[in-house]
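Q: Would you be able to build a 3D model of this:
(2 chains)
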There are 2 protein chains.
Amino acid sequence: MGLVVQKFGGSSVATIEKIKNVAGRVMSERDQGNQVVVVVSAMGDLTDDLISLANQIGKSHPEREMDMLLTTGEQQSAALLTMTLVNMGCPAVSLTGWQCGIMTDPVHTKARIAGIKPDRIKKELEQGKVVVVAGFQGISPDGDLTTLGRGGSDTTAVALAAVLKADVCDIYTDVDGVFTADPRVVKEASKLDMISYDEMLELASLGAGVLQPRAVEFAMHYDVTVQVRSSFNLEPGTLVVEVGKMESDRVVSGVAHDLNVAKVALFDVPDKPGIAHAIFMALAEVNINVDMIVQAAMRDGRNDIAFTISKDDLPQALPVVERVCREIGASGTAYGEDLAKVSIVGAGMMSNPGVAAAMFETLAQEGINIHMISTSEIKVSCIVHAHEIERAVRAIHSRFNL
Amino acid sequence: MGLVVQKFGGSSVATIEKIKNVAGRVMSERDQGNQVVVVVSAMGDLTDDLISLANQIGKSHPEREMDMLLTTGEQQSAALLTMTLVNMGCPAVSLTGWQCGIMTDPVHTKARIAGIKPDRIKKELEQGKVVVVAGFQGISPDGDLTTLGRGGSDTTAVALAAVLKADVCDIYTDVDGVFTADPRVVKEASKLDMISYDEMLELASLGAGVLQPRAVEFAMHYDVTVQVRSSFNLEPGTLVVEVGKMESDRVVSGVAHDLNVAKVALFDVPDKPGIAHAIFMALAEVNINVDMIVQAAMRDGRNDIAFTISKDDLPQALPVVERVCREIGASGTAYGEDLAKVSIVGAGMMSNPGVAAAMFETLAQEGINIHMISTSEIKVSCIVHAHEIERAVRAIHSRFNL
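A: This next block holds a predicted model:
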């Protein structure tokens, strides 16, 4: 007998009709003799609806209370799916994050899982029940409700799969798997059968939007086999595995793009040790993730430093940046939001030095200006104007024959 | 410095605009130097909306999962009110039932509070915060979420007032207080300044709908001063106090009526010891409250037994009654739903023997047939046809000069 963790996103549980479809999926997995743990997100647009309710109160909210508000969404869908399962004759029980023993740090709205005590889940599984878990949430050391950030239900699923030593963690979504590019932008994009954790991590971080990066980190760290697949058909999806298990020798696996990019610049930053630390420490303290960082050539002992963050974080970042700007004696700040990021990812890039150059050449041929560049061993990212992003993705996808 | 518990019902927190009004109330209580604990219900019709969502799944639901679903409503309004308070500059924190240490028995959908560990609330109050509590809910010994039944937020408020030794428990509602009759039925109905726990308990049980009976029991047992008042004006409401604190010598305090009545009858029940026990024990085992019980005159060693329950409980009660009917050898069962209950309540009735007779005479003069009668020391109740109930209430209200 195996143990399977299944995760269904908001679009898969948006209506009672869709929840019944999900229940069918769960039961067919159980009929194959497996124990099943199901992780659900909030129904459809409920999370956004709750956020706009909160926005009627004022512009900023205590993050502790946002978590208190938003955790209700997943609790509702967990209860409704469990009712549906029981109604269809399948023993089932719903559990909130804290009832599952999902302990997090106390960073509200983007908490990280610190540990899981799965006693309750194991007890319910032993009694022959399907366990339906409210995703996206946990409990802080002080006993407060926390959430794991956008896409946090993925992390709940993978973390539970890790601690329960599940055979597979199936992430059900509204697409058939991981594609070589966003099919809405590139018609020729094709589904990948397999992808390595490293590549998936880059793709997830780069805005491919299929899996929360934190979930991939967990999967990689605990060697959880993750499958990204469609909740609307029975086709196999994309397996996310160790690079050693990959068969292909492709150089570039996919092209990702991300419109959720804001650029912040500090001008005339004094060129002394500790300055970069001062800037990025201040942002880390308010839990803002910085993505790309570029430091321009030194002029008269002063530098320009530019970096990108998610657009959502911009309102919180700007006052911090302006304070640091005064403290370190920089001459001023600027920011831009009409930008986007295009990236190529591939584990084979490590041994193929010409890949970055080919990407830059493609963009140049299209007349697309590159604002920032960032590279790692298995990816190259370029910041371009938002209105040029689709053209960039299509050109690059074609260039690498994906 | 005093401590005040305030409870706001669903209609008082139905919109963000109304929540802002509630926040103003809370802050003015705090500005008078009091510590404040606020208990809230779910917004407007949210609970009913969630129930109809569940009803799309099927006719009956696991009660554990209904509690899981419904507790989210109060958690949402607690979070939104807290955000509003913080936004208006008032330190505040929201807590769920289990975070408040509200422990209940494991009877889902109508759990009873078994104890409260108020450590967290006290800690937050000591830090100068207003504590906003999600009403209607608690946690079972197994760590499952439970709800306290319709109107359960009242009980949450009074129980917290008892354990925190609050000076007063203000129950804010959409009426000005407790009236001599339902003002929607009797235009001349007037607000009572004071009412005794006993009278309030009878009125609450009788469907006056202002306070959950369990809340009044708690208040009486722990000597909590409760005030029922309007959330839309600053007028004093009705104080619910010990009978010794009452000044008036009125005989009848009010006329209550209740349309949520179903009658069940068993025919030709054998006249032996233990039969009544068999019937009502079976109903108690499925947690159905029986209200009035009438046993008709014996004929040939067999009786007819009729009783009333809440309409909501009828679907669950009928199979139980039919089973018991076969087991004890009764000849058959019947039930009726087009009934209503009219009652008069007054602590002064104990020393005024003519009161019940005056009520029966009034109904007779109106040509209204009485189906069942039940009396206690301070109340008389009659079951009549549902379509005659408003006429009955008006006639009785007028007869006793209320």
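Q: excluding its backbone neighbours, what's nearest A:Val175?
A: A:Ser230 (6.4 Å; Cβ to Cβ, 6 or more residues apart in numbering or on different chains). Bear in mind the C-beta positions are built from the backbone N, C-alpha and C, glycine included.
Q: tell me, how many neighbours does that neighbour end up with?
A: Applying other Cβ atoms under 10 Å in any protein chain shown, we find 17 residues neighbouring A:Ser230.
Q: Touching, it and A:Ile171? I think so.
A: No - using Cβ atoms under 8 Å, A:Ser230 makes no contact with A:Ile171, being 10.4 Å away.
Q: Which residues of the stretch 51-200 of chain A lie near chain B?
A: A:53-54, A:56-58, A:61-62, A:64-66, A:68-69, A:71-73, A:75-76, A:78-80, A:82-84, A:86-87, A:93-94, A:96, A:99, A:120, A:143-145 (Cβ under 8 Å from any Cβ of the partner chain).
Q: Among those, the buried ones, what's the PyMOL command?
A: The following PyMOL line selects those of these that are buried, judged by 16 or more other Cβ atoms under 10 Å in any protein chain shown:
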select buried, chain A and resi 53+54+57+61+62+64+65+66+68+69+71+72+73+75+76+78+79+80+82+83+84+86+87+93+94+96+99+120+144+145
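Q: Out of the residues of the stretch 51-200 of chain A next to chain B, which sit inside strands?
A: A:Val93, A:Ser94, A:Leu145 (DSSP state E).
Q: Could you tell me which of the residues of the stretch 51-200 of chain A next to chain B are located in helices?
A: A:53-54, A:64-66, A:68-69, A:71-73, A:75-76, A:78-80, A:82-84, A:86-87, A:120 (DSSP state H).
Q: between the ones in strands among the residues of the stretch 51-200 of chain A next to chain B, which is closest to A:Ile113?
A: A:Leu145 (13.8 Å; Cβ to Cβ).
Q: Please give me every residue in contact with the closest one.
A: A:Leu145 sits next to A:Asp67, A:Met68, A:Thr71, A:Gly97, A:Trp98, A:Gln137, A:Gly138, A:Ile139, B:Thr96 when contact means Cβ atoms under 8 Å, 6 or more residues apart in numbering or on different chains.
Q: List just the nearest of the ones in strands among the residues of the stretch 51-200 of chain A next to chain B to A:Asn260.
A: Closest to A:Asn260, out of all of those and judged by Cβ to Cβ, is A:Leu145, at 25.7 Å.
Q: which SS state does A:Ile195 fall under?
A: strand (DSSP: H, G, I helix; E, B strand; the rest coil).
Q: how close does it sit to chain B?
A: 36 Å (Cβ to the nearest Cβ, to the nearest Å).
Q: Could you pull out the buried residues of stretch A:181-198?
A: Buried, per 16+ other Cβ under 10 Å, within stretch A:181-198: A:Ala181, A:Asp182, A:Val185, A:Val186, A:Ala189, A:Lys191, A:Leu192, A:Met194, A:Ile195, A:Ser196, A:Tyr197, A:Asp198.
Q: what pLDDT does the residue nearest to A:Val175 get?
A: With respect to pLDDT, A:Ser230 scores 89.
Q: tell me the contacts of it?
A: Contacts of A:Ser230 (Cβ under 8 Å, 6+ apart): A:Tyr172, A:Thr173, A:Asp174, A:Val175, A:Asp176, A:Gly177, A:Gly237.
Q: give me the number of residues near the residue in the stretch 301-402 of chain A that chain B sits nearest to?
A: Nearest residue of the stretch 301-402 of chain A to chain B (Cβ to the nearest Cβ) works out as A:Pro315 at 15.9 Å. Here the number of neighbours of A:Pro315 (other Cβ under 10 Å) works out to 11.
Q: just A:His385 next, same as before
A: A:His385 has 15 neighbours, counted by other Cβ under 10 Å.
Q: now do A:Ile19
A: Counted with other Cβ under 10 Å, A:Ile19 comes out at 25.
Q: just A:Asp258 next, same as before
A: 22.
Q: Next: the one 10 residues further on.
A: When counting by other Cβ under 10 Å, one arrives at 17 neighbours for A:Asp268.
Q: give me the element it is part of.
A: Element membership for A:Asp268, per DSSP states H and E: strand A:254-270.
Q: what comes up buried for the helix or strand just after that strand?
A: Sequence order places helix A:275-285 as the next helix or strand after strand A:254-270, per DSSP H and E. By 16+ other Cβ under 10 Å, the buried positions in helix A:275-285 come out as A:Ile275, A:Ala276, A:Ile279, A:Phe280, A:Ala282, A:Leu283.
Q: same check, this time on stretch A:203-218
A: With the criterion 16+ other Cβ under 10 Å, stretch A:203-218 contains buried residues A:203-218.
Q: taking the residues you listed one by one, which sit in strands?
A: Reading strands off the buried residues of stretch A:203-218, I find no matches (DSSP E).
Q: Let me know the closest of those residues to chain B.
A: A:Gln212 (23.1 Å).
Q: so what's that closest one up against?
A: A:Gln212 touches A:Leu148, A:Gly149, A:Arg150, A:Gly151, A:Gly152, A:Asp154, A:Thr155, A:Ala204, counting by Cβ under 8 Å, 6+ apart.
Q: Could you dump the residues you listed into TSV with secondary structure added?
A: Shown next, in TSV, are these (three-state DSSP):
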residue	secondary structure
A:Leu148	coil
A:Gly149	coil
A:Arg150	coil
A:Gly151	coil
A:Gly152	helix
A:Asp154	helix
A:Thr155	helix
A:Ala204	helix
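Q: Reformat these as CSV; add pLDDT.
A: Converted to CSV, those look like this (pLDDT from 0 to 100):
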residue, pLDDT
A:Leu148, 95
A:Gly149, 89
A:Arg150, 82
A:Gly151, 84
A:Gly152, 93
A:Asp154, 94
A:Thr155, 95
A:Ala204, 77
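Q: Validate this expectation: A:Ile305 resides in a strand.
A: Yes - assessed with three-state DSSP, A:Ile305 lies in a strand.
Q: what's the neighbour count on it?
A: Residues lying near A:Ile305 (other Cβ under 10 Å) number 19.
Q: what do you get for the one 5 residues further on?
A: Other residues within reach of A:Ser310 by the criterion other Cβ under 10 Å amount to 17.
Q: Next one: A:Phe360 from A:Ile396, what distance?
A: Separation of A:Phe360 from A:Ile396 (Cβ to Cβ, to the nearest Å) stands at 10 Å.
Q: Which one of those two is surrounded by more residues?
A: Neighbour count, other Cβ under 10 Å: between A:Phe360 and A:Ile396, A:Ile396 has more, with 25 against 14.
Q: What residues does the closest residue to the more buried one other than its chain neighbours make contact with?
A: Excluding the flanking residues, the one nearest A:Ile396 by Cβ to Cβ, 6+ apart is A:Val255, at 5.0 Å. Contacts for A:Val255 (Cβ under 8 Å, 6+ apart) come out as A:Thr180, A:Ala181, A:Val186, A:Val342, A:Ser343, A:Ile344, A:Val345, A:Val393, A:Ile396, A:His397, A:Phe400, A:Leu402.
Q: again, but for A:Val36
A: If you count contacts by Cβ under 8 Å, 6+ apart, then A:Val36 has A:Leu3, A:Val4, A:Val5, A:Gln6, A:Val26, A:Glu29, A:Arg30, A:Val130, A:Val131 around it.
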